[in-house]
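Undergrad: Build me a model from this:
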Amino acid sequence: MRVIRKAWGMTFPLLAALGPIACAAFAGGLSDLLADAFNPKPLPLVEKEILNAAHNLYVNGEGSPSLDMEFLRLQERYPFDASVNSLAAARASVRGDIDGAVRAAENAVLGNTFEPALRLPLIQYLTGANQFPVAIALIDAHFAATSDQQMATSQMTEVLKKMNQAAIVAVQAGNITAAVRLIKVIVQRGPQTLFQSDGFASQAVTHCNVDFVESLVNMVTEDTYMRGSVANKAQAIAWAVRAKAILGDMEIARSHASSLLALSHEHPSVGVDIITPLQLLRRYHEAFARHRMTVQENPKKYDASTVMNQGTQLLTIFKLEHDIDQTRYLLDHGIITPSPRLDNMIETYEEALQSIEMKCAIEQSNGVPHSIPDDGLDCDPFATWRYLSPTMRNRVAKHLFTPVNQHAFKDWGATPTVNLANFDWDDVQNRYLKGEVVVLDDVLVPEVLEELYRIGLESTDWNTVKGGGYLGAMHIADGFAPPIIAQLAHDLESAMPRIFARHSLLMFWGFKHDTTLSRAYHGIRAHADTAAVNLNFWVTPDEYNLNPENGGLIVYNRSMGRQDANFHDYNSFSVGEKSFGLTDKDILARVPYRRNRFVMFTSSYLHATDKVEFKKGFKACRINYTLLFGFVESISCGKTSTLQKSPVEQEAANVQAVIRQHHTGDVQAVIRGSGEEDIKQYSNVPPLFATPPPRTV
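TA: You can find the predicted model right below:
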């Protein structure tokens with residue numbers, strides 16, 4: 001559009017200068033162009049074939065490179081054709097020329113202003129080019145007279161997500177004004193995007209931009225903002241709760257948590273997450289009961305049509321073996337009643353294991369590599385589904401996650417769980433706060449230790465399948481939330497108030513580890529967890545441990561910093577000691593396995609399971625439990641931390657007042673004044689949250 005205007009502006013002065021001869025010479029070409037513009041003709045069949053072939057080249061990467069030249073010649077012949085210009089936009093986008101894509105998409109819309117399908121790509125290209133005011137205006141114009149509000153909302157959300165990213169980049173460049181302009185529009189048009197995981201507010205918390213966090217917390221919790229939708233209120237308050245907890249303002253965080261619970265009570269249909277507020281208020285028994293109820297009402301299911309997707313539907317040999325052994329254990333001890341369904345489950349799993357063993361042997365004899373070639377496995381743990389026929393996959397999937405003895409927990413009120421008199425708790429806290437890996441033996445009273453071992457054997461909640469040869473029972477995904485753990489958290493917090501004053505219990509899980517020694521992949525590789533305080537302990541009797549010198553936990557003198565953005569990179573089976581370049585020289589502590597041994601350390605430390613050498617058998621499975629307290633960001637974002645102040649601190653202090661202006665401002669005026677060029681100049685700044693290499697603590 002801009003190019004066409006510029007071209008016409010240059011053409012007429014040029015014709016006047018050249019005189020009648022030039023005008024006469026140009027008249028024929030101009031007539032042809034105008035005729036094509038006013039009476040567009042459909043592309044001939046041969047030209048359509050070129051267009052289709054070029055589309056396949058640009059969109060799918062299939063076809064001869066010579067098609068590119070043919071398409072360029074086609075574009076010269078048909079400069080006003082909408083379909084040609086639309087494909088030209090796709091060509092420019094594939095080549096990374098986002099401005100060229102915008103120009104071509106504009107020409108496509110001008111070529112056929114009645115075709116709605118041509119406007120959507122233009123909106124996307126405008127968004128990619130950080131031309132947010134034009135993109136928003138086009139969305140409004142496009143959907144004003146249509147009933148497809150769902151599509152309009154989707155398009156607006158994509159624009160607002162990109163605006164969140166641009167605001168982050170603007171802060172990186174020190175341009176607070178540009179960031180605030182963007183935030184003003186985001187608050188007006190889609191404030192919920194601020195609080196999503198990749199939104200500006202969430203990223204400001206993750207990276208300790210205290211000035212912005214404080215201003216946004218004040219803004220979203222004031223009455224003016226709270227007149228918005230209940231869903232937006234809930235999302236904003238939930239973010240404010242987390243933000244204040246991370247900054248160490250626990251009194252304010254708990255006040256907002258109480259407000260969120262009240263909002264949930266008033267509007268139960270909104271679906272407010274109340275578990276985190278309950279945990280921040282240290283109402284653990286209520287939070288755990290909510291976890292159990294949620295999973296019972298919405299049970300986990302394996303989707304037989306997608307079980308081949310290893311990323312979401314893992315199945316391992318250990319899972320099948322474990323469920324067979326556990327079912328037989330429960331039957332033998334009279335805990336569950338025999339039934340044809342249980343007989344069918346055992347029979348199905350045994351047939352599946354035989355099929356896996358046979359096909360593994362064939363692959364190994366043919367030299368087929370598995371997905372972890374350096375571990376020398378006797379079978380591929382990540383490929384179990386592909387060893388099964390479609391019929392067998394459906395048979396297996398039918399039984400997975402079927403409750404047999406779900407949530408086999410006992411009520412556990414205020415009965416003490418910890419041997420409080422066994423330790424000098426002041427000394428324990430001092431050691432932890434100095435950065436030590438604290439090891440404590442015989443922490444649990446005997447009846448609690450036996451109860452947690454019993455739960456590990458009898459509860460059929462071990463349904464989070466891990467590729468590393470272990471099974472998880474997760475408090476969120478599996479409803480594995482025993483009341484005894486809620487009480488344990490209370491007792492630990494009472495014993496160590498200086499450690500847990502700012503850190504409530506937020507996550508809990510149990511892991512069972514494969515004890516088949518020939519399957520060398522068993523164990524958790526080096527990783528970090530999203531918490532402030534990490535507490536691990538073990539409950540399997542020591543008699544099953546074949547080597548008392550290992551089998552426990554390795555903690556490395558390497559920490560995941562708060563600006564290491566993608567935590568999945570630090571908590572995935574695909575990474576580990578080799579990926580992080582860790583060696584024995586990096587070990588901070590190697591803690592051997594002992595029953596009833598607690599290991600407590602800063603959760604951002606990389607840590608891993610030590611070599612496991614246990615006897616084979618269901619009761620011998622190595623069982624560990626993990627309690628995670630607090631948010632990982634609070635390690636460096638708390639008020640007691642020394643924070644580096646930004647050079648634009650004074651300007652940032654005025655952010656709150658600027659944001660509040662949106663309540664009385666004209667939306668379109670704000671959009672028109674949102675500083676498009678001011679923002680675009682920062683679009684190529686390196687990402688604010690790029691992941692640096694791990695740092696030594």
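Undergrad: Low-confidence stretches in the stretch 1-150 of the chain?
TA: The stretch 1-150 of the chain contains residues with pLDDT under 70 at 1-40, 145-147.
Undergrad: what about the helices in it?
TA: If DSSP state H, counting those that start in this stretch is used as the criterion, the helices of the stretch 1-150 of the chain fall at 2-38, 45-60, 66-77, 82-94, 98-111, 119-128, 132-143, 149-172.
Undergrad: Let me have the ones you listed in a markdown table, adding mean neighbour count and distance to residue 594 as columns.
TA: Quick note: C-beta positions are derived from backbone N, CA and C, even for glycine. Listed next are those as a markdown table, based on neighbours: other C-beta atoms under 10 Å; distance: least, C-beta to C-beta, whole Å:
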| stretch | mean neighbour count | distance to residue 594 |
| --- | --- | --- |
| helix 2-38 | 11 | 72 |
| helix 45-60 | 15 | 58 |
| helix 66-77 | 14 | 68 |
| helix 82-94 | 22 | 59 |
| helix 98-111 | 22 | 59 |
| helix 119-128 | 21 | 56 |
| helix 132-143 | 20 | 59 |
| helix 149-172 | 20 | 46 |
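Undergrad: which one of these lies closest to residue 357?
TA: Smallest distance to residue 357 across those (C-beta to C-beta): 40.7 Å, for helix 45-60.
Undergrad: now for that closest one, which elements pack on it?
TA: If you count contacts as 3 or more C-beta pairs under 8 Å, 6 or more residues apart in numbering; DSSP states H and E, helix 45-60 packs onto helix 66-77, helix 82-94.
Undergrad: could I get the ones you listed as CSV with distance to residue 355?
TA: Output for the helices and strands packed on helix 45-60, formatted as CSV (distance: least, C-beta to C-beta, whole Å):
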stretch, distance to residue 355
helix 66-77, 47
helix 82-94, 44
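Undergrad: quick one: which of the ones you listed is nearest residue 460?
TA: Proximity to residue 460 (C-beta to C-beta) singles out helix 82-94 among the helices and strands packed on helix 45-60, at 50.8 Å.
Undergrad: Buried ones in stretch 501-508, by neighbour count?
TA: 502, 503, 504, 505, 506, 507, 508 (16 or more other C-beta atoms under 10 Å).
Undergrad: actually stretch 441-461, sorry about that
TA: By neighbour count on 16+ other C-beta under 10 Å, the buried set for stretch 441-461 is 443-445, 448-449, 451-453, 455-461.
Undergrad: same deal with stretch 392-401?
TA: Of the residues in stretch 392-401, 392, 393, 395, 396, 397, 398, 399, 400, 401 count as buried by neighbour count, 16+ other C-beta under 10 Å.
Undergrad: about what we covered before: make CSV out of the helices of the stretch 1-150 of the chain and add distance to residue 431.
TA: Rendered in CSV, the data for those read as follows (distance: least, C-beta to C-beta, whole Å):
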stretch, distance to residue 431
helix 2-38, 66
helix 45-60, 60
helix 66-77, 67
helix 82-94, 57
helix 98-111, 55
helix 119-128, 52
helix 132-143, 52
helix 149-172, 38
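Undergrad: closest to residue 267 out of the helices and strands packed on helix 45-60?
TA: Shortest separation from residue 267 across these is recorded for helix 82-94, at 42.8 Å, computed as C-beta to C-beta.
Undergrad: any idea of the angle the closest one forms with helix 119-128?
TA: 30 degrees (axes from the mean of the first three to the mean of the last three C-alpha atoms, to 10 degrees).
Undergrad: could you pull out the strands for this protein?
TA: Listed in chain order, the strands of the chain (DSSP state E) span 438-441, 464-466, 470-474, 505-513, 533-538, 553-559, 587-591, 597-602, 605-609, 622-629, 695-696.
Undergrad: picking that back up, with respect to residue 43, which of the buried residues of stretch 392-401 is nearest?
TA: Nearest to residue 43 among the buried residues of stretch 392-401, with distances taken as C-beta to C-beta, is residue 393, at 48.0 Å.
Undergrad: What residues does residue 236 make contact with?
TA: 191, 195, 220, 221, 225 (C-beta atoms under 8 Å, 6 or more residues apart in numbering).
Undergrad: Show the average pLDDT along stretch 453-472.
TA: Across stretch 453-472, the average pLDDT comes to 88.
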